[in-house]
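1. sequence and computational prediction follow.
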Amino acid sequence: MSDPGKSLKISEEDMNKMLAKAEKEAEKKDHKRQWIERMLKSAKSYYKLCPYYDKKSNQCFLQVGNKCTRDGKYENCPVFIQFLEDKYNEYTSKKKLLPMDFLDLGQPI
């Protein structure tokens, strides 16, 4: 017959592993969010309007052929934030150092 205390201990170990994994994932998301906020702040120091916004045609270069719905304002712009998230994922998947400045995003990886 199996010991009920032992099965409880195994489930606690599994629970601890799952908790550690969840904490690590949350920490990664927090790191991602911090990096995105840093890039937004850096971009704001260089550009008044979105660097991917064309004033003449009112188009967004991130959404090729589509008009910008935010008139070039990139704070809280879902398209710009998605672009930064994609860049973050690209750098982390290739195990490269993350850029510390928005202008460094233009450099080849």
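-> That came in fine, so what should we check first? None of the values given here were measured: they were computed from a predicted structure. Residues are numbered from 1 along each chain as shown.

2. every contact and neighbour count from this point should use C-alpha atoms.
-> Noted.

3. is it true that residue 49 touches residue 77?
-> No - if you go by CA atoms under 8 Å, residue 49 and residue 77 don't touch, sitting 11.4 Å apart.

4. could you report the pLDDT at residue 19?
-> Note on residue 19: pLDDT of 74.

5. contacting residues for it?
-> Residue 19 makes contact with no residue, according to CA atoms under 8 Å, 6 or more residues apart in numbering.

6. so it sits in a helix?
-> Yes - per DSSP: H, G, I helix; E, B strand; the rest coil, residue 19 lies within a helix segment.

7. how about the helices in this structure?
-> 4-46, 78-93 (DSSP state H).

8. mind checking how far the most centrally placed residue in the chain is from residue 58?
-> Closest residue to the average C-alpha location of the chain: residue 85 at 3.2 Å, with CA atoms, centre = their mean. Remark: distance between residue 85 and residue 58 (CA to CA, to the nearest Å) = 24 Å.

9. any idea what sits nearest residue 84, other than its immediate chain neighbours?
-> Leaving aside its chain neighbours, residue 84 sits nearest to residue 36 (6.2 Å; criterion: CA to CA, 6 or more residues apart in numbering).

10. got it, and residue 48?
-> Per CA to CA, 6+ apart, closest to residue 48 is residue 73, 8.0 Å.

11. give me the pLDDT for the one you found.
-> 92.

12. kindly report the same for residue 43.
-> At residue 43, pLDDT is 94.

13. try residue 95
-> Reported pLDDT for residue 95: 91.

14. report the separation between the nearest residue to residue 87 once chain neighbours are set aside and residue 11.
-> Closest residue to residue 87 apart from its sequence neighbours, by CA to CA, 6+ apart: residue 105 at 8.0 Å. Distance from residue 105 to residue 11, counting by CA to CA: 45 Å.

15. what do you get for residue 86?
-> With CA to CA as the criterion, residue 86 and residue 11 are 37 Å apart.

16. just for this structure, where's the confidence low?
-> By pLDDT under 70, the weakly predicted segments of the chain are 1-10, 27-29.

17. check contacts around residue 88.
-> 32, 35-36, 98.

18. for the residues you listed, which single residue is the most surrounded?
-> When neighbours are counted by other CA atoms under 10 Å, residue 36 leads these with 21 neighbours.
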